[in-house]
Structures are given as C-alpha cells and as structure tokens.
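Undergrad: Generate coordinates for the sequence data below:
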Amino acid sequence: MFASAEGKRGGQFYTPRSIVRTLVAVLAPYHGKVYDPCCGSGGMFVQSEEFILSHGGKLGDVAIFGQVANPTTWRLAAMNLAIRGIDFNLGRESADTFTRDQFPDLRADLRPGQPALQHQRLVARQPDGRRALALRRPAAR
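TA: Next up, the predicted model:
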C-alpha cells in the first residue's frame, strides 16, 4: 500500500498529496458539511478548500468538521487550517473517533477521509436500507 512507501510511524499514516487531490476531485466538495473522522493534519480539508477556490467558490463554502486521536496531530491540524484562514471544528480536544465521537449527531454531506489502514472494513446496512462503511480494529494477536 502507499502508506508503507510514503511514511508510517507508530500507527500514524500519511496520505500522499496526489491521493488526497484525487479523493477530493472525485468527491467534488462544492458546499455543505465535510467531515473527516480521522483527519490527521487536515490536508484533505486544505485540498477541499483549494478545490472550491479553483472552481469559482469561496473560502467557507463548506463547513469543516474533523477529529483525530493524537493530541499533537490535533494541534497541527488546527494550526494548518488557521494559518490558511479556514474555519473549522475539530472538537473540543483530540479524541479517538471509535471511543469518543466528538460529533455523534453530525449529518455530514461528505466524508473525504479514507478508512483507517489499521482497521478492518465492514459494510453494514443502516435501518433505512442505506449501506454504510463501518470499521473495527483487528483482534489482538
């Protein structure tokens, strides 16, 4: 996988810019609420805003929501977005999405994040029949 080639340390993964650009271009986040449950340093949010600006939109056409478990990365994401003038909500503090969801009632329009690479992917049916991607940590060996 690209994470092993691009950099992985202590369970933290870096998504290469080319992959981020591709994900954002496919999702085409023109407006609405964008939520990344494992936002890392906020690169997908930055790329989303750059996409919007390059397509005639303006900063703030999307509402940014994200969270990350690592406190240092959480501060880095906040700084990354703030120095670019991007409004954001990363929750009150760093927190693991699976154990302390900062946005349990958020109904986002887009979720640009890739599934965490250290989790198993499961497809589950929602009560209304929609399919949803769920993740679970692999059993300890």
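
Undergrad: switch to C-alpha atoms for all contacts and neighbour counts from now on
TA: OK.

Undergrad: which ones are touching the closest residue to S41 other than its chain neighbours?
TA: Excluding its sequence neighbours, the residue lying closest to S41 (C-alpha to C-alpha, 6 or more residues apart in numbering) is A77, at 4.0 Å. By C-alpha atoms under 8 Å, 6 or more residues apart in numbering, the contact set of A77 is 39-42.

Undergrad: same check, this time on T97
TA: For T97, the contact set (C-alpha under 8 Å, 6+ apart) comprises 37-38, 67-69.

Undergrad: Lowest mean pLDDT among the helices and strands, pick that one out for this structure.
TA: One helix or strand of the chain scores below all others by mean pLDDT, DSSP states H and E: helix 2-6, with a mean of 42.

Undergrad: quick one on the thing from earlier: got a markdown table for the contacts of A77, with neighbour count, pLDDT and secondary structure too?
TA: Formatted as a markdown table, these follow (neighbours: other C-alpha atoms under 10 Å; pLDDT from 0 to 100; DSSP: H, G, I helix; E, B strand; the rest coil):
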| residue | neighbour count | pLDDT | secondary structure |
| --- | --- | --- | --- |
| C39 | 22 | 89 | coil |
| G40 | 24 | 89 | coil |
| S41 | 21 | 91 | coil |
| G42 | 26 | 92 | coil |
